[in-house]
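Visitor: give me a 3D structure for the following:
(one chain, ligands or ions: 1)
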Amino acid sequence: EFDGVFYPSFIPFREKGAEKALQDITNFQSRDTDVMICTYGKSGTHWINEITSMLIRKTPELDTANKGMTMLETISDFSVIDTLPSPRLLNTHCLFQYLPKKHIENRNKIIHMIRNPKDTCVSYYHHATKDQVFLSFTGSWNEFFDMWISANCAYGSWYTYEKEIEQAEKDYPGMIFTCSYEEMKKEPTKGIRRLSDFLQIECTDKTIEDIAKATSFENMKNNKVDPTAVADGNSHIYRKGIIGDWKNHFTVAQNKQFDSQFAEKFLGSSYRMLFE
Ligand code: A3P
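Guide: Numbers count the residues shown, from 1 in each chain. Sure thing, here's the model as predicted:
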């Protein structure tokens, strides 16, 4: 825990403590060509990571060599990623305030995916229940809902996270690409084209269509190795991949409570229309 926020028990957090682990991320010497994927957990990180990776590699082939992602908060010694070729694709769920200073000062690229917080919360509950190594949640859905809504889950408040990125978009125009899970799901080719324009990567319509097909939920679930899969083969990451699963979990009272918190905390946000 640091500054009132809990973190998963990743090795650097266990060994150095959260404050030092976060400082090391902030002081990480990023390269100008690094691309950073920034998401609140369970917003579609693996999906947008794979799409970006295909655009960079200019191929609609799933990256099977790199099974996971290069997640900054899991790295104890950053020299291990020194050997990765540029452009490196990095990611983190940490708040914008902890991002590598150098990355921000040099206005290097950031890709941000946002998802309806109700679906994010449900997805998080399932992940936290399955992941008995880093998150180790053993309670009920109702208990998880209360934790999430009071920002007592790992990485803290969804609102704080999204508001910091929204503010950064204003402070650093052109540095951050934002798309929603929902828009990528409904019109993947449009979302992928927008992303290739942001990355200034030339792509034919055919390549964009092929990437959309290759990064469909079904193809990724069936063909991408999920490094978090537990011994029983259950994937933590590729669960349902749909919009609106919250309706199968939220009670009427929970929905009302969520809506009223959302209205209060996210009133003026321009992100609202991305998933509403
Ligand atoms: P669900 O639990 O709702 O199914 P993250 O990568 O940030 O951990 O997010 C995981 C969520 O994204 C899971 O949501 C997962 O199923 C969904 N997801 C992963 N790959 C996807 C894809 N190719 N298309 C749509 N959703 C995907």
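Visitor: grab the nearest non-local neighbour of the one residue in the stretch 51-200 of the chain that gets nearest to the ligand.
Guide: Across the stretch 51-200 of the chain, the shortest distance to the ligand (CB to the nearest ligand atom) belongs to S123, at 3.2 Å. Backbone N, C-alpha and C define where each C-beta goes, glycine included. Nearest residue to S123, sequence neighbours excluded (CB to CB, 6 or more residues apart in numbering): K42, at 3.9 Å.
Visitor: sec struct for the residue of the stretch 51-200 of the chain closest to the ligand, please.
Guide: Following DSSP: H, G, I helix; E, B strand; the rest coil, S123 is assigned to helix.
Visitor: may I have the residues that are in contact with A168?
Guide: Counting by CB atoms under 8 Å, 6 or more residues apart in numbering, A168 touches 96, 104, 110, 175-176.
Visitor: let me redo that: N234
Guide: By CB under 8 Å, 6+ apart, the contact set of N234 is K130.
Visitor: just to revisit the earlier point, what is the burial count for the residue of the stretch 51-200 of the chain closest to the ligand?
Guide: By other CB atoms under 10 Å, 23 other residues sit near S123.
Visitor: same check, this time on S180
Guide: Neighbour tally, S180, other CB under 10 Å: 22.
Visitor: what bridges to it?
Guide: I114 (DSSP bridges).
Visitor: which phi and psi does the nearest residue to G156 once chain neighbours are set aside have?
Guide: Closest residue to G156 apart from its sequence neighbours, by CB to CB, 6+ apart: V5 at 3.7 Å. Here the main-chain torsion angles of V5 (degrees, to the nearest 10) amount to phi -120, psi 140.
Visitor: kindly provide the distance from V5 to the ligand.
Guide: 18 Å (CB to the nearest ligand atom, to the nearest Å).
Visitor: now do the contacts for that residue.
Guide: 18, 95, 151, 155-156.
Visitor: kindly report the same for Y155.
Guide: Residues near Y155 by CB under 8 Å, 6+ apart: 5-8, 40-41, 93-95, 161.
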